[in-house]
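> Provide a 3D model corresponding to the input given below.
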Amino acid sequence: MEQVVFGRWRLRCDREATWQAYKCIKVAGPEACYCCYCRNFAAARGQVYPVEVLALFEQLGIDFTKEVEVYEMGRLESGFRHYGGWFHCVGQIEAEGADSGKFDWKNPTGSFSLYFHDKPTLVPDCFQKLPLMQLEFAAQVPWVLQEPEPD
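You can find the predicted model right below:
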């Protein structure tokens, strides 16, 4: 396992084991759901993750196209939709950021934030019986589908 430092987080991760587990996942969370919110997230995915976060995913072995879960929390005044979701990673948290369970890393625009914890949920079969951490995120996502945006 190698050490990864991101913001206030110090993690110990097994990049190869994480990458191999993601290779087993055939359908990601948003693609497994047919609601308009999940379809929109999947269509906008390329605009969601900041460069720093994509670099972190690469270090951890996370396939950014395979979120475990994505959910929509409403329309913001900016016109963007507020989404949340998470990924799993093989490894452990060595040192936590601010308060565990609070989003303590945000990009400069505030349109994306994340935190880590060690109580994973909705664990795919590929990750069963592995030591896991969960990376939770919140993001502001534009409506990109050609169909009308719901109220």
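
> from here on, just use CA atoms for contacts and neighbour counts.
Fine.

> flag every buried residue along stretch 119-136.
Burial within stretch 119-136, assessed by neighbour count using 16 or more other CA atoms under 10 Å, is assigned to 120, 127, 132-136.

> make CSV out of these and add secondary structure, pLDDT and distance to residue 65.
Rendered in CSV, the data for these read as follows (DSSP: H, G, I helix; E, B strand; the rest coil; pLDDT from 0 to 100; distance: CA to CA, whole Å):
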residue, secondary structure, pLDDT, distance to residue 65
120, coil, 94, 19
127, helix, 94, 16
132, strand, 96, 19
133, strand, 94, 18
134, strand, 95, 16
135, strand, 94, 14
136, strand, 94, 15
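
> those residues into a markdown table, with extra columns for distance to residue 30?
Output for the buried residues of stretch 119-136, formatted as a markdown table (distance: CA to CA, whole Å):
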| residue | distance to residue 30 |
| --- | --- |
| 120 | 18 |
| 127 | 18 |
| 132 | 21 |
| 133 | 20 |
| 134 | 17 |
| 135 | 16 |
| 136 | 15 |
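
> buried residues, the helix or strand harbouring residue 45. List them.
According to DSSP states H and E, residue 45 maps onto helix 36-48. Buried residues in helix 36-48, counted by 16+ other CA under 10 Å: 36-44, 48.
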